[in-house]
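[1] quick one, what's the 3D model for this:
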Amino acid sequence: MKLPVILLSLALLPASVSAATNCQSDKYHQYVDASLSWYESLVELAVEKDENLKDVGQWFLDGRKHHFELNRSAFDWYLENDKDKLDFSQPVESWLKLSQQDVKALSKQDSELGKTAKTVFDDRQRKPHAKNYELRSAFADLLTHPGNIDKPLNAYNEKMAAIADIECK
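    Numbering: from 1, shown residues only. Below you'll find the model as predicted:
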């Protein structure tokens, strides 16, 4: 009687590992989406206050998108290939540990992940936008007046709380 139970348990193990992997990937993807939505809202608010920040806002947002899309792709790659770069004991936003050296190494791969990493690596090596300081100042102004960012901040916090409540088994 014990042997069939053991065999059944072993047969179900890959399915449960796969379910956990899918859950972790989905949870991380939701975090990336929530973060991108937050940055889009922040840029939108800054541009509403000062139309002159439209170009630098788009430049900033493009960089954030590149960064988070790399993290999304890299997370899934490491989840399947090398879990040493992942720390599931941390909150979801800290699961992936990618250093600049890691991004540089990934950028040399001849793959979609490598192309995404190359874009991020190049972004980080470029000279900042001429109005970068003005945009950062606008962000600081928005963030020091919470009433200005109440709606998108609450939406972000609600999404992050819902994501934190997801338990992957």
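[2] which stretches of the chain form helices?
    2-49, 54-81, 100-106, 112-125, 132-143, 146-164 (DSSP state H).
[3] please save the CA atoms from the last one in CSV.
    What it means is helix 146-164. The C-alpha trace of helix 146-164 is given here as CSV (Å, rounded to 0.1, in the frame of the first residue of the first chain):
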residue,chain,number,x,y,z
PRO,A,146,1.0,63.2,-1.3
GLY,A,147,-2.4,64.7,-2.1
ASN,A,148,-1.0,65.2,-5.7
ILE,A,149,-0.4,61.5,-6.1
ASP,A,150,-3.1,60.0,-3.9
LYS,A,151,-5.0,58.2,-6.6
PRO,A,152,-2.1,56.5,-8.4
LEU,A,153,-0.2,55.8,-5.2
ASN,A,154,-3.3,54.2,-3.6
ALA,A,155,-3.8,52.1,-6.7
TYR,A,156,-0.2,51.0,-6.7
ASN,A,157,-0.3,50.2,-3.0
GLU,A,158,-3.5,48.2,-3.4
LYS,A,159,-2.0,46.2,-6.3
MET,A,160,1.2,45.5,-4.3
ALA,A,161,-0.9,44.4,-1.3
ALA,A,162,-2.9,42.0,-3.5
ILE,A,163,0.3,40.7,-5.0
ALA,A,164,1.9,40.2,-1.6
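[4] any idea how far the nearest residue to residue 143 once chain neighbours are set aside is from residue 54?
    Residue nearest to residue 143 in three dimensions, not counting chain neighbours: residue 149, with 6.7 Å by CB to CB, 6 or more residues apart in numbering. C-betas here are computed from N, CA, C, even on glycine. Plainly put, residue 149 is 19 Å away from residue 54 if you go by CB to CB, to the nearest Å.
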